[in-house]
Every structure is written in C-alpha cells, then in structure tokens.
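1. no FASTA, just this:
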Ligand SMILES: CC(=O)SCCNC(=O)CCNC(=O)[C@H](O)C(C)(C)COP(=O)(O)OP(=O)(O)OC[C@H]1O[C@@H](n2cnc3c(N)ncnc32)[C@H](O)[C@@H]1OP(=O)(O)O
C-alpha cells in the first residue's frame with residue numbers, strides 16, 4: 001500500500017517545490033488552493049466573514065507573494081482524505097510603500113514589502129514553522145530586489161523582534177465627542193472654509209478610484225503613511241453585506257480645493273440609541289489629508305454627523321494637529337499601540353533610500369542572523385544635503401547594533417539613543433549613538449499605518 005503522503009501528493013498534482021517528508025518544504029500557491037487556504041485561515045483566526053467564499057480570496061491575497069507549507073503523512077483519524085493535503089502554514093505580502101524622512105526635513109516614499117496573512121495550523125505551532133517561513137520570505141524579498149525594507153503589523157507584539165523587525169511607528173487612536181471644538185490657528189481655519197467636502201458611498205469604481213488618488217496624494221506628505229498597491233485600490237474595499245448585517249456600508253468623505261482632491265476619510269457610522277438619545281459612533285478606518293486646512297475641513301464634518309455621539313479615528317500621531325486642535329490627549333481619549341514594524345532587508349540600499357537630518361560619518365557594525373548579507377561593518381556617510389552613502393568597510397566600528405534598531409529608527413520616529421537600552425547595542429566611540437540618533441530622527445512623529 002502506498003504511503004498516504006504519496007497518495008496526497010498524487011492527487012495534488014505534484015506541485016510541491018520539494019520532497020514530501022516530515023521536514024515540510026515551502027510551496028507556491030495557485031487559485032486551486034483557495035479552499036484549503038480558507039480552511040487554514042478559519043482554523044488560525046477562528047473568525048469567518050459571512051458571505052465570503054474561497055474564490056473571494058482572489059481579491060485579498062497576492063498569490064505572487066503567497067507561500068505555504070503542506071502537511072505530509074497519512075490523513076489522520078477523523079480527517080477526510082481530500083484531494084490535497086491540508087496546509088499547515090501560510091504567509092503572503094503586498095507591494096506597498098512607506099513614507100520616511102527624506103533629505104534635510106523632506107519626505108520620501110520607499111517601496112515596502114508588506115507581510116500579511118501569517119498563520120500556522122494550531123496542531124503545528126511552536127515547531128519552528130514560522131521561523132522557516134520568515135527566512136523564506138525575507139530571502140525571497142532580497143532575491144527579488146524590489147524592496148529594501150519589509151514591514152508588517154504584528155498580531156502579538158512579542159513575535160517579530162527576533163526576525164530583525166523593530167516597531168517603527170505608533171498607532172495613536174483618538175476618540176472625539178460629537179461637536180468637539182477644533183481650535184486651529186486662524187489661518188488654517190480660514191483656509192479650511194475653501195475646502196469642499198462631499199459624501200459618497202463605497203465601494204463603487206468611481207469612489208474607490210477617487211479614494212486611491214487621495215490616499216496616494218496624502219501619503220506623500222504624511223510621515224509613516226503606508227500605501228496599498230494600485231492593483232488593490234478597489235478590491236481592498238469590497239463590501240460583504242451579509243457580514244456587516246445591519247451596519248451601513250462604508251462611506252467616503254472626499255475633500256477638494258480648486259478642483260483637486262486633497263484628502264479623504266473612509267468611515268462607517270454605527271447606530272446606537274440610549275435613553276431616547278442618539279449615541280451613534282463614527283468609526284473612521286482611514287483619514288488622509290495633504291495639508292492642514294483639508295484635515296480640519298474633514299474633521300469638522302466627522303465630528304458633526306447627526307445622530308452620533310462620538311468619532312473614533314485610528315492611525316493618527318502624537319503630533320497630529322487634530323489631536324491638539326481638540327485639546328490634547330485628555331479630551332481625545334488617546335490610546336497608543338504599536339503600528340508598523342520595519343525590517344531592513346537590503347541594508348545599504350535601505351539606508352541610502354531615505355534621507356537624514358545632519359551630516360555625519362560613522363561606521364556601524366550590524367548584527368543580523370536572519371539576513372546574513374546585512375551583517376558586518378557599514379560606513380554611513382551623510383553629506384550636508386542630507387543624502388547618504390553606505391558601503392561595506394573593515395574599519396573599526398563606532399557602534400554595534402542589532403538590525404532591529406535600524407528598522408525601528410528607519411521611519412524617523414524613534415531615536416537610536418532610546419532604542420539601544422531597549423533592543424541592545426554598544427557604543428564604541430563616544431558620541432556615535434547621539435550622532436546616528438540625531439541624523440535619523442524626523443522633525444515630527446510618524447503616523448500609524450493603514451491596516452494590512
Ligand atoms: C504579519 C502578520 O500576519 S501577523 C499574524 C501572525 N499570526 C497569528 O498571530 C495567528 C495565530 N498564531 C499563529 O499562527 C502562530 O502561533 C504564529 C505564526 C504566531 C507562530 O508560529 P510558530 O510556528 O508557532 O512559531 P515558531 O515555532 O517558528 O516560533 C518562533 C519563535 O517565536 C516565538 N513565538 C511564536 N509565537 C509567539 C507569540 N505569539 N508571542 C511571543 N513569541 C512567540 C516562539 O516561542 C519561538 O521563540 P524562540 O525562537 O525563542 O524559540
């Protein structure tokens with residue numbers, strides 16, 4: 001009798017990229033795999049989207065970057081011998097970009113590989129499968145050469161530091177009461193009067209096209225902003241009426257001035273009545289503005305919807321003018337979480353793609369076991385114009401850091417000097433940490449990233 005591993009494999013058409021064994025290998029995925037991807041997702045996240053069928057994964061999963069681990073061995077007692085062996089691990093990624101410090105106070109957008117969909121079957125957790133997937137992922141990103149940095153949102157904060165990621169931005173969530181007075185400077189308040197704001201319903205091709213245009217435009221001037229791939233501009237907002245039940249579909253506020261889109265807010269109102277009083281909540285999934293008057297014009301609308309009591313905004317920043325127009329953290333119910341975790345995949349390219357605040361010349365020794373091509377000594381030379389060169393060197397290091405320190409500092413929001421005590425590292429030349437810290441730091445705190 002053939003072993004069950006062979007039986008599974010014969011039925012699955014032999015697409016696996018390595019031999020079936022107790023040491024499972026990574027495999028690519030195709031649309032034929034949607035049912036077993038869905039099965040694994042349901043097991044990992046114990047949450048389903050009513051009305052969603054496996055083929056809908058086409059809208060959410062980029063199969064070019066998706067990889068999985070297939071189980072080997074016999075079907076287990078109680079398990080149907082289906083056409084294909086079950087998947088026990090999966091990850092995918094999106095082609096994204098993140099706005100980081102440019103030279104001398106400017107901003108620049110760099111390509112970012114956004115890891116997502118990471119999951120391990122509950123029977124197979126804590127056996128090193130995530131470790132295997134992370135190496136597979138990061139090595140492939142490096143080999144493809146499209147992105148020098150990788151980013152993610154962590155489901156649990158303790159997972160990704162060991163793979164060289166550092167928490168680079170914070171998600172500051174604000175809760176503003178209905179009718180909150182937004183006390184902006186007079187010039188901003190006057191300019192906001194010239195911004196027209198109108199409401200449309202998502203998702204329509206016209207609505208998602210306009211949203212994407214405003215999303216890209218506002219991200220260019222928003223430190224820390226992450227942009228979704230053009231190919232997903234519409235599918236990102238797909239509506240599942242069965243899943244949202246009695247909730248309204250997503251709505252979109254679009255801001256424009258002189259005929260140009262300058263900002264947007266994607267949101268949903270949740271109706272609630274208490275003691276005959278309307279207490280609805282406006283849940284703002286994304287708010288993007290290219291300038292302060294646009295931000296104010298959009299916020300004025302959001303805090304003034306009839307039949308609501310409060311508005312909740314995610315992915316803001318401690319330096320968000322909206323927070324301070326509303327009176328600061330106390331009246332804004334601020335909650336802070338880790339947002340974007342960044343990892344340098346191609347270190348010299350990543351460090352030269354962003355800009356810097358001050359001239360410096362430092363030899364940084366980097367520790368990186370997961371991406372060994374990054375490990376070693378690098379001379380980072382920043383000129384007066386805020387651009388840098390980064391070359392391998394054998395010179396004595398001024399400081400030694402784990403690669404996660406550079407990921408955490410990359411978006412300009414976390415000083416290297418504060419990261420060393422938290423993540424490790426050693427200063428060899430007095431003042432070196434301070435110099436690196438100052439040149440990597442941005443003028444304002446970055447914003448949290450969109451969910452992905
Ligand atoms: C970017 C994203 O998509 S985030 C989504 C992540 N996915 C989830 O949270 C879904 C539910 N959880 C899972 O699927 C799995 O438990 C995972 C993916 C978190 C971990 O997968 P595993 O295969 O168990 O991880 P693996 O065995 O490779 O562990 C690697 C290390 O991470 C540690 N680790 C794993 N999960 C966690 C956790 N939740 N918190 C802290 N440490 C963790 C392990 O202890 C191990 O540590 P060690 O290197 O010191 O021994």
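-> In hand now; what should we look at? What you see is a predicted model; the values in this text were computed from it and never measured.

2. touching the ligand at all, stretch 135-151?
-> No. Judged by Cβ under 6 Å from any ligand atom, stretch 135-151 and the ligand are separated, with a smallest distance of 9.1 Å. Using the backbone N, CA and C atoms, a C-beta is placed for each residue, glycine as well.

3. Now the stretch 201-350 of the chain against the ligand: closest residue?
-> At 8.2 Å from the ligand, residue 341 is the closest residue in the stretch 201-350 of the chain, using Cβ to the nearest ligand atom.

4. Would you mind giving me the confidence score for that residue?
-> At residue 341, the pLDDT value in this model is 99.

5. How many residues are close by it?
-> Per other Cβ atoms under 10 Å, the neighbour tally for residue 341 reads 26.

6. And the closest residue to residue 379 other than its chain neighbours, how far from residue 363?
-> Nearest residue to residue 379, sequence neighbours excluded (Cβ to Cβ, 6 or more residues apart in numbering): residue 393, at 4.4 Å. Distance, residue 393 to residue 363, using Cβ to Cβ, to the nearest Å: 6 Å.

7. The two - which one has more neighbours?
-> residue 363 (20 against 15).

8. Now the more buried one: which helix or strand?
-> strand 360-367 (DSSP states H and E).

9. packing partners for that strand?
-> Counting contacts by 3 or more Cβ pairs under 8 Å, 6 or more residues apart in numbering; DSSP states H and E, strand 360-367 is packed against strand 376-382, strand 399-402, helix 403-409, helix 432-440.

10. Name the surrounding residues that touch it.
-> Residues outside strand 360-367 that contact it (Cβ atoms under 8 Å, 6 or more residues apart in numbering): 347, 374-382, 393, 395-403, 406, 432, 435-436, 439.

11. One more: stretch 184-202?
-> Contact with stretch 184-202 is made by 206-208, 210-211, 237, 239, 249-257, 262-263, 266, 292-294, 296-298, 300-301, 321, 325, as judged by Cβ under 8 Å, 6+ apart.

12. switch to 6 Å and redo it
-> Residues from elsewhere that reach stretch 184-202, judged by Cβ atoms under 6 Å, 6 or more residues apart in numbering: 207, 237, 249-257, 292-294, 296-297, 301, 325.

13. Same question for stretch 331-341.
-> 151-152, 154, 157, 160, 165, 167-175, 323, 326, 448-449.

14. try it again with 8 Å
-> With Cβ under 8 Å, 6+ apart as the test, stretch 331-341 has contacts from 98, 151-154, 157, 160, 165-177, 180, 224, 226, 315, 318, 323, 326, 407, 411, 446, 448-449.

15. now that stretch: how far from the chain's centre is it?
-> 15 Å (Cα atoms, centre = their mean, to the nearest Å).

16. Quick one: end-to-end length of that stretch, please.
-> 29 Å (Cα to Cα, to the nearest Å).
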